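In: When you get a sec, could you give me coordinates for this:
(chains A and B)
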Amino acid sequence: MNNIQINSQGQLKHFLGIEGLNRDILLRILDTATSFIMDESKAVKKVPILRGKTIVNLFFENSTRTRTTFELAAKRLSADVLNFNINTSSTSKGESLIDMLHNLQAMHCDMFVVRHSVTGAPHFMAQHIAPDVRIINAGDGQHEHPTQAMLDMYTIRQHKPDFSSLRVAIVGDILHSRVARSDIHALKILGVPDIRVIAPKTLIPRELDKLGVRIFNDLTTGLQDVDVIMMLRLQQERMKTALLPSTHEYFNYYGLTEKALLVVDSDAIVMHPGPINRGVEIDSLVADGSRSVILQQVSNGIAIRMAVMAMTLGTIEV
Amino acid sequence: MSSIIHVDMLLHSMSNYLNKKLQCPRDEVLMIGIKTGGEWIAQRLHQLLELSQPLGKLNIAFYRDDFSRIGLHPQVEPSSLPVEVNNRHIILVDDVLHTGRTIRAGLNEIFDYGRPASVLLAVLVERNGRELPIQPDIIGCSFCLEAGKTIKLCGPDPLSLEIQTINE
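Out: Numbers count the residues shown, from 1 in each chain, chains lettered A, B, ... in the order given. Here you go, the predicted model:
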């Protein structure tokens, strides 16, 4: 379904989802990101590669971290950035997505970074956009969040370079998590042999096992000997029905504490896509502890987003 | 064509020229090689001149002027300048000076690091086909090639120059 994001030469044209991409493209994104890790001694922390390009952040859902790192990434590539505040835009006056897109396109923008609460919205836009405009998915519904998955893979590779020998556990609210879906696809494509999902039964989507993961309902059993722990935020704002007795009880059973980490090696890493709910899914001692790579994930997010922007805008149709 | 040019001899004559040309104390000199061929040449010159400051490497992929025509160049290793550029006397080294566009990109990148006191351009090979007003200060050898021919440095060990026909 993601073929629309690849051009006839097999290059990345849009970045809509991890599903359907091959290992070479994922590795190319990681390698390109490496070259965008800025030299601290450089006075001007920019490169001129996207000078003259206009990138629009089109966020139909709230976001601070993702939008900021996309904006920073675009600016470090010397692109001009427009942040569209959807709450005050014409969509609240009834303008359709496609009309809005055509209007923005008429302003000669080169890329749209889209976050939308509806699954497939970035796909839909990519299908209807002019051929020289690029779409990046910054999170669609409960579907995918591909740049988050790639920055997670980048952070894992910094600490554990060999994907083919890894044991990775994803813990928490899988049901509402587009990050978990993208992460599972990326881990599979990169050859991780042991992917585990740990959550209460109410927070596990149906047919998840078809993605090739092992499902655990008990934290200690699932965490046994893992190398990487990817925590997820409990997305209470998306819970329309009572899926959990209370956040306090959730923490007792699924909160990541130093005690829960006794079953993993001392060099295992702890990740979280943010924002963190301290005392709900993760204990402060763990979030701020020596295993935590949470802030590295944020830094790596800039390099990954620079890589994806430069790669997609650098894809030339022949 | 097999290599009949002795790269080592060229490097020795370049380092002699550089020694005469450099007026400043050697610890104020920063040598920077443009990846990949320029870096190989810079490594040899750096040894011959016995420079105290470590060698800098420049990857100009993000400063090229042909991004909108040919897209992103695949590459992994970023630029690294180990010492501050401000007030430093820089020797910028490349293997072949052709159109001058690589050097233009390199100079732009250097100035994003700081304001050097001076920049000298040293190239192993200077050939015809300049498209920008950029000339070298130190030259290993000069070539006048006919259309459809290119000269390429092969290496890193041993270093050799080859004249090749471009396949269109």
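
In: Buried residues, the helix or strand bottoming out on mean pLDDT in chain A. List them.
Out: Across the helices and strands of chain A, mean confidence by mean pLDDT, DSSP states H and E is lowest for helix A:97-106: a mean of 83. The neighbour-count check on helix A:97-106 (16 or more other Cβ atoms under 10 Å in any protein chain shown) flags A:Leu97, A:Met100, A:Leu101, A:Leu104, A:Gln105 as buried. (C-beta placed from N, C-alpha, C; glycine too.)

In: which one is the third one nearest to, not counting chain neighbours?
Out: When the adjacent residues along the chain are set aside, A:Leu101 lies closest to A:Met125, with 5.8 Å between them (Cβ to Cβ, 6 or more residues apart in numbering or on different chains).

In: after the host helix or strand of that neighbour, next one along is what?
Out: Using DSSP states H and E, A:Met125 sits within helix A:121-128. Beyond helix A:121-128 on the C-terminal side, the first helix or strand identified by DSSP H and E is strand A:134-140.

In: Is chain A within reach of the worst-scoring helix or strand of chain B on mean pLDDT?
Out: The helix or strand of chain B with the poorest confidence is helix B:67-70; it has a mean of 83 (mean pLDDT, DSSP H and E). Yes: using Cβ under 8 Å from any Cβ of the partner chain, helix B:67-70 reaches chain A at B:Phe67, B:Arg69, B:Ile70.

In: Which residues are in contact with the last one?
Out: By Cβ atoms under 8 Å, 6 or more residues apart in numbering or on different chains, the contact list for B:Ile70 reads A:Ile316.

In: what's the burial count for A:Met231?
Out: Number of residues near A:Met231 (other Cβ atoms under 10 Å in any protein chain shown) recorded here: 27.

In: How about A:Pro200?
Out: Going by other Cβ under 10 Å, the residues that sit close to A:Pro200 add up to 20.

In: Isn't it up against A:Glu249?
Out: No: the pair A:Pro200 / A:Glu249 is not scored as a contact, 9.6 Å apart, by Cβ atoms under 8 Å.

In: Ramachandran angles for the closest residue in space to A:Val44 that isn't next to it in sequence?
Out: Ranked by Cβ to Cβ, 6+ apart and with sequence neighbours excluded, the top spatial neighbour of A:Val44 is B:Asp112, at 3.9 Å. Per-residue torsions, B:Asp112: phi -80, psi -20 (degrees, to the nearest 10).

In: okay, B:Asp112: pLDDT?
Out: The model reports B:Asp112 with a pLDDT of 95.

In: which residues does it contact?
Out: Shown in contact with B:Asp112 (Cβ under 8 Å, 6+ apart): A:Lys42, A:Ala43, A:Val44, A:Lys46, A:Val47.

In: now swap in B:Val125 and tell me
Out: B:Asp95, B:Val96, B:Leu97, B:Ile139, B:Gly140, B:Cys141, B:Ser142, B:Phe143, B:Ile151, B:Leu153, B:Leu161.

In: out of the residues of helix B:67-70 next to chain A, who's nearest chain A?
Out: B:Phe67 (5.4 Å; Cβ to the nearest Cβ).

In: Which of the helices or strands spans the nearest residue to the closest one once chain neighbours are set aside?
Out: Leaving aside its chain neighbours, B:Phe67 sits nearest to A:Ile49 (5.4 Å; criterion: Cβ to Cβ, 6+ apart). Assigned by DSSP H and E, A:Ile49 belongs to neither a helix nor a strand.

In: Relative to B:Tyr63, how far out is A:Ile49?
Out: A:Ile49 sits 8 Å away from B:Tyr63, going by Cβ to Cβ, to the nearest Å.

In: What parts of chain A come near chain B?
Out: Residues of chain A lying near chain B by Cβ under 8 Å from any Cβ: A:11, A:28, A:31-32, A:34-37, A:39, A:41-44, A:46-50, A:310-311, A:314-316.

In: Give me the buried entries from those.
Out: So, of these, A:11, A:28, A:31-32, A:34-36, A:42, A:46-50, A:310-311, A:314-316 end up buried under the neighbour-count rule (16+ other Cβ under 10 Å).

In: from those residues, which ones fall inside helices?
Out: Of those, the ones assigned to helices by DSSP state H are A:Arg28, A:Asp31, A:Thr32, A:Thr34, A:Ser35, A:Ala310, A:Met311.

In: who's in contact with the third one?
Out: Okay, so that is A:Thr32. By Cβ under 8 Å, 6+ apart, the neighbours of A:Thr32 are A:Ala307, A:Ala310, A:Met311, B:Leu72, B:Pro74.

In: Format those as TSV; extra columns: distance to A:Leu82 and pLDDT.
Out: Below are the contacts of A:Thr32 laid out as TSV (distance: Cβ to Cβ, whole Å; pLDDT from 0 to 100):
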residue	distance to A:Leu82	pLDDT
A:Ala307	21	96
A:Ala310	18	96
A:Met311	21	95
B:Leu72	23	83
B:Pro74	30	69
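
In: which of these lies closest to B:Arg104?
Out: B:Leu72 (18.7 Å; Cβ to Cβ).

In: Flag the shaky bits of chain A, pLDDT-wise.
Out: For chain A, the stretches with pLDDT under 70 are A:1-2, A:85, A:87-94, A:238-242, A:317-318.

In: Closest one to B:Ile34 out of the contacts of A:Thr32, please.
Out: Lowest distance from B:Ile34 to the contacts of A:Thr32 (Cβ to Cβ) belongs to B:Pro74, with 17.0 Å.

In: Backbone dihedrals for the most centrally placed residue in chain B, both of them.
Out: Geometric centre of chain B, nearest residue: B:Asp94, 1.2 Å, by Cα atoms, centre = their mean. Torsion angles at B:Asp94 (phi, psi; degrees, to the nearest 10) stand at phi -140, psi 160.

In: what about the residue nearest to it when sequence neighbours are not counted, distance to A:Leu187?
Out: In this structure, B:Asp94 finds its nearest non-sequential neighbour in B:Gly38, 3.8 Å apart by Cβ to Cβ, 6+ apart. If you measure B:Gly38 against A:Leu187 using Cβ to Cβ, the figure is 39 Å.

In: Next, the contact list for residue 143, please.
Out: Picking chain A for this. Contacts of A:His143 by Cβ under 8 Å, 6+ apart are A:Gly17, A:Thr119, A:Gly120, A:Arg178, A:Arg181.

In: ah, no, chain B please
Out: Remark: with contacts taken as Cβ under 8 Å, 6+ apart, B:Phe143 is in contact with B:Val125, B:Glu126, B:Arg127, B:Asn128, B:Ile151, B:Ile163.
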